[in-house]
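sequence and computational prediction follow.
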Amino acid sequence: MNWQSWQEFLTMGGYGLYVWGSYVVTLVILAAEIVALVMRRRGVIASLTKYYAARRRNHEAKA
Amino acid sequence: MSTSKRFSWFYFSSPQTFYPLAGRLQPWFAALAVLLCAAGLYISFFVAPTDAQQGEAYRIIFIHVPAAWMSMFIYLVMGFWCGVGLVFNTRLSSMWATALAPTGALFTFIALWTGALWGKPTWGTWWVWDARLTSELILLFLYIGFMALQAAIDDQRRADKAGAVLALVGVINIPIIYFSVQWWSTLHQGASVSMKSAPSMAATMLIGMLIMALGFWMYSIAAALARVRCVILERERHTEWVMAEMGERT
Amino acid sequence: MIRALGWVLRRDLLLVFRRRGDVVNALVFFVIVVSLFPLGVGPEASQLRNMAPGVLWVAALLACMLSLARLFAPDHQDGTLEQMLLAGEPLVVLVMGKVMAHWLVSGLPLVLMAPLLGLQFDLPGDALAVLCVALLIGTPVLSLIGAVGAALTLGVRGSGALVALLVLPLYVPVLIFGAGAVAATAAGTGAEAHLLLLGGFLALALVLAPWASAAALRIAME
């Protein structure tokens, strides 16, 4: 074990800002990418559903 | 007529067949990513010893170096698939290259960000104009240029092909750019300020970096698979199979 | 093929000659940008001398890049480009002709103007000479690489800024060794290695760039 206490772990020997600034920002960026992908998929499915519904209505109106 | 199912290399090269495959593969790569990154993080915090010169700040290396490796690797893979798309005229290859780009750009940004945060406590400034960071910056511009070009062209096939030419030009230029920046940096700063003068690699540090790199690689594949599924749906909206997928009758 | 090259060259030069304002604009831009830097950082001679190679080269990059809009777009708009694609001549040759014309009009004046501007920055004589030679070798590379960017963004909205984004990262090696050559001369170490490398870039660009531009033009025009 490298760390004697939670305190030591958090402050990283005085470099806490830099180390945690790196790890946390990386985590945030990757999490944001995942969220963006989920939202993109939902958006695509929603827009396709709308598109097909409009197309269907158009065909029925013509028929 | 023979109905034997012969294995064809090109079976999965159509969006229709690749879409379900991507959907099945994606959770596996995501799981691998989580496992490998967790292992890598464990090594980076609890196994790798404290460095004598740089203290705990050096632990940033476990993200900085793998992210930099990934940013370069993804660009090369992207260039490869762009080339395949140009030569074989397959739509899916271009879609896959387009799906890879944002992830590559994000890893480039992560490499730059962590590089800055590593530079400040170690060498005193927020930005260190060393060869690797400067090359990463230019690589970020190359990624953004690729994405901007594809976004600016309305015609999808033209966007694919133009992006492919740009990506291939970029791939050829990357060694030249890296060599030039390398030369420039040693000339102006000397060897004192260099990210290469990182702590001499203890075995645990190297293993930690490799495992994190593998984790990032699995993550990139998972993210690209998810993205390419969106791209396929968007582009193939007029086909019967997508309509069937969305529950529409033709 | 040489005749086709000559024809394209003559035509482009003739067209530019009819609108001489375009040439002068790029040159004036070069001069103005270079003059802005002392205004920004102060007139202290030693500082300016250090900055001079970089400033002159960056301004040359930007001036060359500005004039890329003229390379393919006008011909694309009036239909000449389509005719060039349909013509029997290899597109690579026609592209080479256009790039040569572009360099004669946008690159060569910079080479001739640069020593005067270098004097503003108090560069010594031998550094000025190396500056000329380096620009002479480097500006064709800028035109060649720029042609690829211009071809890729043909007819695209907002192509001005997009070309800059695509092309400037690719200009970096030329910038590094071009400015490095002048700086090395001013510092007393030799500039041969730099100039040789620039020559290498030129050779590589001459082989690859017209081919890539032609491919990009075909993609843009299909």
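In hand now; what should we look at?

tally of neighbours for the residue of chain C found nearest chain B?
Nearest to chain B, among the residues of chain C, is C:Pro173, at 3.8 Å (CB to the nearest CB). All C-beta atoms are positioned from the backbone trio N, CA, C, and that covers glycine. If you count neighbours by other CB atoms under 10 Å in any protein chain shown, C:Pro173 ends up with 26.

nearest spatial neighbour of it, chain-adjacent residues omitted?
B:Ser180 (3.8 Å; CB to CB, 6 or more residues apart in numbering or on different chains).

who's in contact with stretch B:81-92?
Contacts of stretch B:81-92 with the rest of the structure, by CB atoms under 8 Å, 6 or more residues apart in numbering or on different chains, involve B:10, B:13-15, B:18, B:93-94, B:96-97, B:100, B:157, B:160-161, B:163-165, B:167-168, B:232, B:235.

and it, how far out from the chain's middle?
Put simply, stretch B:81-92 sits 19 Å off its chain's centre (CA atoms, centre = their mean, to the nearest Å).

for it, buried residues please.
By 16 or more other CB atoms under 10 Å in any protein chain shown, the buried positions in stretch B:81-92 come out as B:Trp81, B:Cys82, B:Gly83, B:Val84, B:Gly85, B:Leu86, B:Thr90, B:Arg91, B:Leu92.

mind listing the helices for chain C?
Listed in chain order, the helices of chain C (DSSP state H) span C:2-18, C:20-41, C:45-66, C:73-78, C:80-86, C:91-102, C:108-120, C:125-152, C:159-187, C:192-221.

residues contacting B:Ala162?
Taking CB under 8 Å, 6+ apart, we find B:Ala162 in contact with B:Leu149, B:Gln150, B:Ile153, C:Leu152, C:Ala216, C:Ile219, C:Ala220.

by neighbours, which of the residues you listed wins?
Highest count within these by other CB under 10 Å belongs to C:Leu152, 31 neighbours.

show me what from chain B comes close to chain C.
B:138, B:141-142, B:144-145, B:148-149, B:152-153, B:158, B:161-162, B:165-166, B:168-170, B:172-173, B:176-177, B:179-181, B:183-184, B:187 (CB under 8 Å from any CB of the partner chain).

just the buried ones from those residues?
B:138, B:141-142, B:144-145, B:148-149, B:152-153, B:158, B:161-162, B:165-166, B:168-170, B:173, B:176-177, B:180-181, B:183-184.

pretty sure B:Tyr75 is touching B:Phe141, no?
No. Contact criterion CB atoms under 8 Å: B:Tyr75 and B:Phe141 do not qualify, at 11.7 Å.

just the element for A:Arg55, please.
helix A:16-62 (DSSP states H and E).

please save the CA atoms from stretch C:126-137 in PDB.
Presented in PDB, the C-alpha positions along stretch C:126-137 are these (Å, rounded to 0.1, in the frame of the first residue of the first chain):
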ATOM      1  CA  ASP C 126      23.900  37.200 -44.700                       C
ATOM      2  CA  ALA C 127      20.700  36.400 -42.800                       C
ATOM      3  CA  LEU C 128      18.800  38.400 -45.400                       C
ATOM      4  CA  ALA C 129      20.300  36.400 -48.200                       C
ATOM      5  CA  VAL C 130      19.500  33.100 -46.500                       C
ATOM      6  CA  LEU C 131      16.000  34.400 -45.900                       C
ATOM      7  CA  CYS C 132      15.600  35.000 -49.700                       C
ATOM      8  CA  VAL C 133      16.900  31.600 -50.500                       C
ATOM      9  CA  ALA C 134      14.800  29.900 -47.900                       C
ATOM     10  CA  LEU C 135      11.600  31.700 -49.000                       C
ATOM     11  CA  LEU C 136      12.500  30.800 -52.600                       C
ATOM     12  CA  ILE C 137      12.600  27.100 -51.800                       C
END
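
residues making contact with that stretch?
Contacts of stretch C:126-137 (CB under 8 Å, 6+ apart): C:52-53, C:56-57, C:60, C:107, C:110-111, C:114-115, C:118-119, C:123, C:177-178, C:181-182, C:185-186, C:191, C:194-195, C:198-199, C:202.

for it, buried residues please.
Across stretch C:126-137, burial judged by 16+ other CB under 10 Å covers C:Ala127, C:Leu128, C:Ala129, C:Val130, C:Leu131, C:Cys132, C:Val133, C:Ala134, C:Leu135, C:Leu136, C:Ile137.

going by distance to chain A, which of the residues you listed wins?
Closest to chain A, out of all of the buried residues of stretch C:126-137 and judged by CB to the nearest CB, is C:Ala134, at 40.2 Å.

next one, pLDDT for residue 15 please.
Using chain A here. Listed pLDDT for A:Tyr15 reads 81.

could you do chain C instead?
At C:Leu15, the model reports a pLDDT of 89.

tally of neighbours for it?
16.

circling back to that earlier point, quick one, which of the helices of chain C is packed in tightest?
helix C:125-152 (a mean of 25; mean count of other CB atoms under 10 Å in any protein chain shown).
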